[in-house]
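Student: Have a look at this prediction, sequence included:
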Amino acid sequence: MTKLSVNINKIATIRNARGGNTPNVVEAAINCQKFGADGITIHPRIDERHITKKDVYDIKPIINTEYNIEGYPSEDFIKMVLEIEPEQVTLVPDGPNVLTSCAGWDTIKFQDYLKEIISIFKERNIRTSIFVDPLEIMIEGAKKCGTDRIELYTENYAIRYQISKEEAMSPYLKAAQKATDLGIEINAGHDLNLENLKYFAENIPNLKEVSIGHALISDAIYLGLENTIQMYKQLL
């Protein structure tokens, strides 16, 4: 079954709006796992607009599933990941001024750079994943970078799903097949939700993990966190 990694950035966003420690990010990570999440994802940014550097370290001891740290591979980020040694690091090409992840890596242009970064993590047995658009040429580039996995950027799928789910799925099917042919495992994330997740998961071969935050935490406001996690799990 495809694993569900819950991104808890939005829990930190709510906390930071008032200061203090409510809601408690560590407690949220504990509960997400207790309620059925297969992993916890965080995406610390330089401005600490949601997850802080302290959160990254505080969460590590309570992980009993998998810890996935996303981010732009700055020198500080690399140092932090090597100190934490999560089960997975996901490299995302968003600089400090980007509101949210909005594009995958150009794995041709940045191939040498990514290869060097990935080799650092793989020396420490940290599974690597890189954020990519569903383009076969970018999947081929990812293979040359030496990554273990790719994370398919699914915003376009989510947008086009409302118009034609078959057309929305088409480029992702081709990308997934290319990745499978090349021996790369597949993750996916961005704007997957209760409406569009099931169709995506049923049609993408070799889908190891989805990382879902914004939609899941938003649903939890109305449906409750435990119930929401179980609903997403059932779709997988």
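Tutor: Alright, I've got the coordinates. A quick note: this is a predicted structure, and the numbers were derived from the prediction, not measured.

Student: C-alpha from now on. contacts and neighbour counts both.
Tutor: OK.

Student: in what helix or strand does the most centrally placed residue in the chain lie?
Tutor: The centroid of the chain falls nearest to Ser211 when counting by Cα atoms, centre = their mean (4.3 Å). Under the assignment given by DSSP states H and E, the secondary-structure element containing Ser211 is strand 207-212.

Student: Show me what counts as buried in the helix or strand that comes right after that strand.
Tutor: Along the chain past strand 207-212, the next helix or strand (assigned with DSSP H and E) turns out to be helix 214-223. For helix 214-223, the buried set under the neighbour-count rule, 16 or more other Cα atoms under 10 Å, comprises His214, Leu216, Ile217, Asp219.

Student: Same question for stretch 30-44.
Tutor: When neighbours are counted by 16+ other Cα under 10 Å, the buried residues of stretch 30-44 are found to be Ile30, Cys32, Gln33, Gly36, Ala37, Asp38, Gly39, Ile40, Thr41, Ile42, His43, Pro44.

Student: which residues sit in contact with the third one?
Tutor: What it means is Gln33. Gly39, Ile40, Asn64, Thr65 (Cα atoms under 8 Å, 6 or more residues apart in numbering).

Student: repeat that for 7 Å
Tutor: Contacts were defined as Cα atoms under 7 Å, 6 or more residues apart in numbering; by that measure Gln33 touches Gly39.

Student: On the three-state scheme, it is what?
Tutor: Per DSSP: H, G, I helix; E, B strand; the rest coil, the local secondary structure of Gln33 is helix.

Student: ok, back up a step: nearest to Asp106 among the buried residues of stretch 30-44?
Tutor: Among those, His43 lies closest to Asp106 (Cα to Cα), at 20.0 Å.

Student: show me the contacts for that closest one.
Tutor: With the criterion set at Cα under 7 Å, 6+ apart, His43 makes contact with Asn9, Ile51, Ile69, Glu70, Gly71.

Student: where's the nearest residue to the second one once chain neighbours are set aside relative to Val89, distance?
Tutor: The shortest distance from Ile51 to any non-neighbouring residue, by Cα to Cα, 6 or more residues apart in numbering, is to Pro44 (5.0 Å). Computed with Cα to Cα, to the nearest Å, the distance linking Pro44 and Val89 is 12 Å.

Student: Please enumerate the strands of this structure.
Tutor: Taking DSSP state E, the strands of the chain run over residues 3-7, 39-42, 67-71, 88-91, 127-132, 149-153, 185-189, 207-212.

Student: and the first one, what other elements does it pack with?
Tutor: Using 3 or more Cα pairs under 7 Å, 6 or more residues apart in numbering; DSSP states H and E, the elements in contact with strand 3-7 are strand 39-42, strand 207-212.

Student: Run the chain-centre distance for the first one.
Tutor: Here strand 39-42 is found 8 Å from its chain centre; the criterion is Cα atoms, centre = their mean, to the nearest Å.

Student: what's the average pLDDT for it?
Tutor: Mean pLDDT, taken over the full extent of strand 39-42, equals 98.

Student: Show the secondary-structure elements that that strand is packed against.
Tutor: For strand 39-42, the contact count by 3+ Cα pairs under 7 Å, 6+ apart identifies strand 3-7, strand 67-71 as packing neighbours.

Student: can you check the longest one too?
Tutor: Using 3+ Cα pairs under 7 Å, 6+ apart as the contact criterion, the elements in contact with strand 207-212 are strand 3-7, strand 185-189.

Student: want to throw those strands into TSV with mean pLDDT, mean neighbour count and distance to Glu151?
Tutor: Output for the helices and strands packed on strand 207-212, formatted as TSV (pLDDT from 0 to 100; neighbours: other Cα atoms under 10 Å; distance: least, Cα to Cα, whole Å):
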stretch	mean pLDDT	mean neighbour count	distance to Glu151
strand 3-7	98	23	12
strand 185-189	98	22	4
